[in-house]
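Visitor: structure, please.
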Amino acid sequence: MLDVKEIFKRIPHRYPFLLVDRILEIEGDQKIVGIKNVTFNEGFFQGHFPHRPVMPGVLICEAMAQVGAIFAYAARGGSDHDKVFVLTGLDRVKFKRPVEPGDQLRLELTSLKRRGSFWKLWGVAMVDGNIVAQAEISAMEVPLE
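Guide: Reported below is the predicted structural model:
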């Protein structure tokens with residue numbers, strides 16, 4: 001549904017910190033599905049860990065949060081470029097298995113609660129249909145300046 005050029009229009013993240021490659025579907029203000037292709041060329045693999053590269057869990061959570069920001073942007077009509085969504089909390093976070101080079105993360109987020117500029121989302125990250133991480137994500141829309 002959205003390629004990286006369209007993602008650029010919706011969130012301010014850029015290389016090396018853009019962790020979303022594609023949005024596959026958006027279901028109104030209920031659900032979004034995104035993809036992150038995990039490659040050996042990711043900078044964090046140089047030190048995490050050199051002999052057994054594993055994607056840091058915090059970056060899996062960040063990838064989910066970025067998909068959540070795209071979701072919130074789409075749900076509000078995507079018209080205000082003077083605001084950004086910032087992560088305000090992570091709860092009930094669980095990591096089930098390592099994410100390694102060559103994996104494709106499927107990031108599914110559903111809306112739990114929305115009040116004004118505050119959002120609460122449930123995120124699940126999967127590889128090959130298996131859950132690798134999950135988290136309750138809180139975010140808030142704030143002015144860029």
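Visitor: could you look up the SS state of the residue of the chain most remote from its centre?
Guide: Here the centre of the chain is the reference, and by Cα atoms, centre = their mean the most remote residue is residue 51, at 26.6 Å. When classified by DSSP: H, G, I helix; E, B strand; the rest coil, residue 51 comes out as coil.
Visitor: and residue 18, by the same measure?
Guide: On the basis of three-state DSSP, residue 18 is classed as coil.
Visitor: now do the contacts for it.
Guide: Counting by Cβ atoms under 8 Å, 6 or more residues apart in numbering, residue 18 touches 4, 7, 11, 66. To be clear about C-beta, it is placed using only N, CA and C from the backbone, and glycine gets the same treatment.
Visitor: and for the third one, the neighbour number?
Guide: Put plainly, it is residue 11. 19 (other Cβ atoms under 10 Å).
Visitor: which parts of whichever helix or strand residue 121 is part of are buried?
Guide: Assigned by DSSP states H and E, residue 121 belongs to strand 118-127. Neighbour-count burial for strand 118-127 flags 119, 120, 121, 122, 123, 124, 125, 126, 127 (criterion: 16 or more other Cβ atoms under 10 Å).
Visitor: for the following helix or strand past it, give the mean pLDDT please.
Guide: Downstream of strand 118-127, the first helix or strand assigned by DSSP H and E is strand 130-143. In this model, strand 130-143 has a mean pLDDT of 96.
Visitor: contacts made by strand 130-143 with the rest, please.
Guide: Outside strand 130-143, the residues that reach it (Cβ under 8 Å, 6+ apart) are 57, 60-61, 64-65, 68-69, 72, 76, 82-99, 105, 109, 112, 117-126.
Visitor: helices - which of these land there?
Guide: Of these, the ones assigned to helices by DSSP state H are 57, 60, 61, 64, 65, 68, 69, 72.
Visitor: what sits against the fourth one?
Guide: Going back to what we said before, that points to residue 64. Counted by Cβ under 8 Å, 6+ apart, residue 64 has contacts 107, 109, 121, 123, 125, 133, 135, 137.
Visitor: ok, and the closest non-adjacent residue to residue 32?
Guide: residue 71 (3.9 Å; Cβ to Cβ, 6 or more residues apart in numbering).
Visitor: which pLDDT value does the model give the one you found?
Guide: Looking at residue 71, its pLDDT stands at 94.
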